[in-house]
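Asks: What shape does this take:
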Amino acid sequence: MKMKSKTKKLLVLSIMVVLLVTTGVLNFVLSDKLASKTDTPSIGDGVGVTQTFFASARSEREATRESEFLSLDAIMNSETSSASAKETAEQQKLALVKRMETELALETAIKARGYEDAIVTIGDGGITVIVDGEPLDRTETNKILSIVVTEAQCKPSEVRVLNYA
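Replies: Next comes the predicted model:
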């Protein structure tokens with residue numbers, strides 16, 4: 001028995017919504033567990049908060065990317081999607097993988113320069129870098145900017161360097 005096109009679309013959409021909600025719940029539960037596992041910081045000690053911030057940011061980024069992959073996979077595997085829609089979804093998926101690889105490479109390069117932690121997010125509006133540690137002076141900001149411009153092959157005006165202190 002064949003399913004109607006609308007029924008298939010509704011089924012795929014329903015499954016995607018369930019997966020998105022599941023991802024959100026897991027993100028919340030795992031973030032809560034991570035927060036409870038970190039040592040309770042003493043007053044004035046922001047180490048636990050900082051670790052939670054960076055872990056939470058990574059977790060949220062991974063959950064968002066997972067839902068993007070699921071959406072693109074649904075388009076690529078759908079019998080009702082046009083060939084151009086499937087090709088566009090495949091190109092978007094490849095671009096997303098490249099973006100993830102670049103983010104990881106930048107985070108590693110920044111940590112290798114001696115910063116405790118860093119998170120890099122690449123979006124359509126540019127690249128945002130958040131580093132952990134003492135407030136950045138102009139020299140340190142320029143070092144990070146140089147790493148990002150070189151590795152990501154972008155313009156300095158497309159990069160924002162922020163400090164989480």
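Asks: switch to C-alpha atoms for all contacts and neighbour counts from now on
Replies: OK.
Asks: Would you agree Ala118 is in contact with Ala109?
Replies: No - taking contacts as C-alpha atoms under 8 Å, Ala118 lies outside contact range of Ala109: 9.5 Å.
Asks: how many neighbours does Gly126 have?
Replies: Using other C-alpha atoms under 10 Å, Gly126 has 14 other residues around it.
Asks: rewinding a little: so which of Ala118 and Ala109 has more stuff around it?
Replies: Counted by other C-alpha under 10 Å, Ala118 and Ala109 do not tie: Ala118 has more neighbours, with 21 against 17.
Asks: how close does the more buried one sit to Lys143?
Replies: 14 Å (C-alpha to C-alpha, to the nearest Å).
Asks: try Val129
Replies: 12 Å.
Asks: do Thr7 as well
Replies: From Thr7 to Lys143 the distance is 55 Å (C-alpha to C-alpha).
Asks: Between those two, which has more neighbouring residues?
Replies: Set side by side, Thr7 and Lys143 show more neighbours around Lys143, with 13 against 10, by other C-alpha under 10 Å.
Asks: can you pull the buried residues of the host helix or strand of Arg160?
Replies: Per DSSP states H and E, Arg160 falls inside strand 159-164. Across strand 159-164, burial judged by 16 or more other C-alpha atoms under 10 Å covers 159-162.
Asks: so what secondary structure elements neighbour it?
Replies: strand 126-132, helix 138-152 (3 or more C-alpha pairs under 8 Å, 6 or more residues apart in numbering; DSSP states H and E).
Asks: most centrally placed residue in the protein?
Replies: Residue closest to the average C-alpha location in the chain (C-alpha atoms, centre = their mean): Arg61, at 2.9 Å.
Asks: Find the nearest non-adjacent residue to Val120, please.
Replies: Once flanking residues are discounted, Val120 sits nearest to Val129: 4.6 Å by C-alpha to C-alpha, 6 or more residues apart in numbering.
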